[in-house]
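# Here is my input; please provide its structure:
(one chain, ligands or ions: 2)
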Amino acid sequence: MAPARLATRSDYESLVDRFDTFLFDCDGVIWNGAAVVPNAPAALEMLRRRGKRLVFVTNNSAKSRRDYVAKFARLGIQASADEIFSSAYATAVYLRDVAKFDPAKKAYVVGGSGIRQELEDVGISTIGHEDTAPVSLESLHEVVPDPDVGAVICGIDYDISYRKLAHAHVNLAENRDCLFIATNDDRTLPGGKHMYPGSGALLSVLTHSTQRAPLVMGKPNPPMVECVVQSLRLDPDRSCMVGDRLDTDVLFGIRGGLRTLCVLTGVADEAAILAPGAPAASYYMASLGDLAELGG
Ligand SMILES: O=C(O)[C@H](O)[C@H](O)COP(=O)(O)O
Ligand SMILES: [Mg+2]
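Ligands and ions are numbered 1, 2, ... in the order given. Next up is the predicted model:
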């Protein structure tokens, strides 16, 4: 069935009445870089006032759930850590509960403080964030495999360096038992008026150099689906996933058996949403902020 366009007050009323739980992507839906999507906070507040359950599901591993609670508060949005699911958190849960990661080992992180904090919260020590110093061909010999590294984790890293990539490479290429995990593999990152290289773009350096394929945690992959849909015991028929990306958010919703709503404030445009063969969203609309017109 073709995605239904929502554009009128009565469209919005039926959407809100139809669902008890709304799951929201963040980048491209609630904010773009430093800018909040106009009226998105008011729309979220309206849903809370109407007794809806809100959940936030982001592939952006740069921040921990604690950091996201603080960011939401700065934007005047009420959100608690147990409502937030990031790919960094899904990675920590996977390592602890599924991979049964040996706590005597360390994880080498090519990524931000979000991955570090979430892993350390489940008792996994991390290294890598300090490896930002320049390196040269003459000093590369300093970069050697570390037998205590049991996993390499790759996520969005605004401080990426050749030294970090070299450390990650030697550990993965020379120790096949070292787990290779990607928090997510989004190709691009919406950062305001422009798109920027996504976590998947950074990851491609290591998949190419090591010729190894990582286990990807974030949307639309099973670890994130299990982490969210199962832990929240969602009623799929009464739950709607709201996102800006077809190959992550909408596909995540479809794989979770949820209904899906794609907004036009981030990656996807109308042509992409209506394209034959695209993951089929249930609905699409211009912006989450448009729901704010419903008021109380
Ligand atoms: O490159 C990235 O990491 C992604 O673009 C970013 O994580 C997307 O975040 P989301 O839209 O899932 O909140
Ligand atoms: Mg997004």
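
# so what's the one residue in the stretch 151-296 of the chain that gets nearest to ligand 2 scoring on pLDDT?
Among all residues of the stretch 151-296 of the chain, residue 244 sits closest to ligand 2, at 4.4 Å; criterion: C-beta to the ion. For glycine as for every other residue, the C-beta is placed from the backbone atoms N, C-alpha and C. For residue 244, the model assigns a pLDDT of 98.

# Now it: closest residue in space, sequence neighbours ignored.
Nearest residue to residue 244, sequence neighbours excluded (C-beta to C-beta, 6 or more residues apart in numbering): residue 266, at 2.7 Å.

# same deal with residue 79?
In space, and not counting its chain neighbours, residue 79 is closest to residue 72: 4.0 Å by C-beta to C-beta, 6+ apart.

# So stretch 67-85, near ligand 1 or not?
No - using C-beta under 6 Å from any ligand atom, stretch 67-85 never reaches ligand 1; the gap is at least 9.8 Å.

# what stretches of the protein score poorly on pLDDT?
Applying pLDDT under 70 to the chain flags the ranges 296.

# List, one by one, the residues from it near ligand 2.
Proximity of the chain to ligand 2 is confined to 25, 27-28, 244 under the rule C-beta under 5 Å from the ion.

# tell me which residues in whichever helix or strand residue 273 is part of are buried?
Element membership of residue 273 [criterion: DSSP states H and E] is helix 270-274. Buried residues in helix 270-274, counted by 16 or more other C-beta atoms under 10 Å: residue 273.

# Moving C-terminal from it, which element do we reach first?
Downstream of helix 270-274, the first helix or strand assigned by DSSP H and E is strand 283-285.

# Could you spell out the sheet neighbours of that next one, each with its direction?
strand 4-5 (parallel), strand 259-263 (parallel) (DSSP bridges).

# Mind giving me the packing neighbours of whichever strand or helix holds residue 207?
Taking DSSP H and E as the definition, one finds residue 207 inside helix 199-210. Counting contacts by 3 or more C-beta pairs under 8 Å, 6 or more residues apart in numbering; DSSP states H and E, helix 199-210 packs against strand 149-154, helix 162-174, strand 179-182.

# does any bit of the helix or strand following it sit next to ligand 1?
Remark: after helix 199-210, the chain's next helix or strand is strand 215-216, criterion DSSP H and E. No - contact of strand 215-216 with ligand 1 (C-beta under 6 Å from any ligand atom) is absent, the minimum separation being 11.4 Å.

# what sits against the residue in the chain positioned nearest to ligand 2?
Distances between the chain and ligand 2 by C-beta to the ion are smallest at residue 28, namely 3.6 Å. When contacts are counted by C-beta atoms under 8 Å, 6 or more residues apart in numbering, residue 28 touches 190, 243-245, 263, 265-267.

# change it to 6 Å
For residue 28, the contact set (C-beta atoms under 6 Å, 6 or more residues apart in numbering) comprises 190, 244, 266-267.

# In CSV: the residues you listed, plus secondary structure.
Shown next, in CSV, are the contacts of residue 28 (DSSP: H, G, I helix; E, B strand; the rest coil):
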residue, secondary structure
190, strand
244, coil
266, coil
267, coil
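
# can you give me the strands for the stretch 1-150 of the chain?
With DSSP state E, counting those that start in this stretch as the criterion, the stretch 1-150 of the chain has strands at 4-5, 21-24, 31-32, 35-36, 53-58, 84-86, 106-110, 125-127, 149-154.

# Out of the ones you listed, which gets nearest to residue 137?
Residue 137 sits nearest to strand 106-110 of all the strands of the stretch 1-150 of the chain, at 20.7 Å, using C-beta to C-beta.

# For that closest one, which strands pair with it and how are they oriented?
Paired with strand 106-110 in the same sheet, following DSSP bridges, are strand 125-127 (parallel), strand 149-154 (parallel).

# is ligand 1 contacted by it?
No - Strand 106-110 does not reach ligand 1 (C-beta under 6 Å from any ligand atom); its nearest approach is 12.4 Å.

# Alright, that wraps it up for me.
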